[in-house]
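# Coordinates only, no sequence provided:
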């Protein structure tokens, strides 16, 4: 029996939940996503207010393709492919 893997829409929802909980971010853009074996590797960009200025911030995610667990999150980083 084949194990169900998260599709792109489900991965996007997991990222939305994580960004909302961790940083209070509701608007973001996925700039890169790639499923590699047992993990989704995803880059995102969002705006963050620092003082009176909004700055573009990048972040990377590694998400388990079966459980949807965020295995890695690094603000200020992005995957290089």
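Cool, got the structure. Only a predicted model underlies this, so the values are computations on that prediction, with no experimental measurement involved. Numbering: from 1, shown residues only.
# Give me the neighbour count for the nearest residue to residue 32 once chain neighbours are set aside.
Once flanking residues are discounted, residue 32 sits nearest to residue 43: 4.2 Å by C-beta to C-beta, 6 or more residues apart in numbering. Yep, even glycine has a C-beta here, placed from its N, CA and C like the rest. Using other C-beta atoms under 10 Å, residue 43 has 19 other residues around it.
# distance of residue 43 from residue 58?
Going from residue 43 to residue 58 by C-beta to C-beta, to the nearest Å gives 6 Å.
# Can you give me the pLDDT of the residue nearest to residue 32?
Residue 43 is assigned a pLDDT of 97 by the prediction.
# Now do the one helix or strand it maps to: distance to the chain's middle.
Using DSSP states H and E, residue 43 falls within strand 39-50. In terms of C-alpha atoms, centre = their mean, to the nearest Å, the centre of strand 39-50 is set 6 Å apart from its chain centre.
# in that strand, what's buried?
39, 40, 41, 42, 43, 44, 46 (16 or more other C-beta atoms under 10 Å).
# so the residue nearest to residue 32 makes contact with residue 78?
Yes. Taking C-beta atoms under 8 Å as the definition, residue 43 is a contact partner of residue 78 at 4.3 Å.
# Quickly list what's touching both of these two.
Applying C-beta atoms under 8 Å, 6 or more residues apart in numbering, one finds that residue 43 and residue 78 are jointly contacted by 31, 32, 58, 59, 60.
# quick check, the third one in a strand?
The one in question is residue 58. Yes. The assignment for residue 58, made by DSSP: H, G, I helix; E, B strand; the rest coil, places it in a strand.
# which residues does it contact?
When contacts are counted by C-beta under 8 Å, 6+ apart, residue 58 touches 31, 43, 44, 45, 75, 76, 77, 78.
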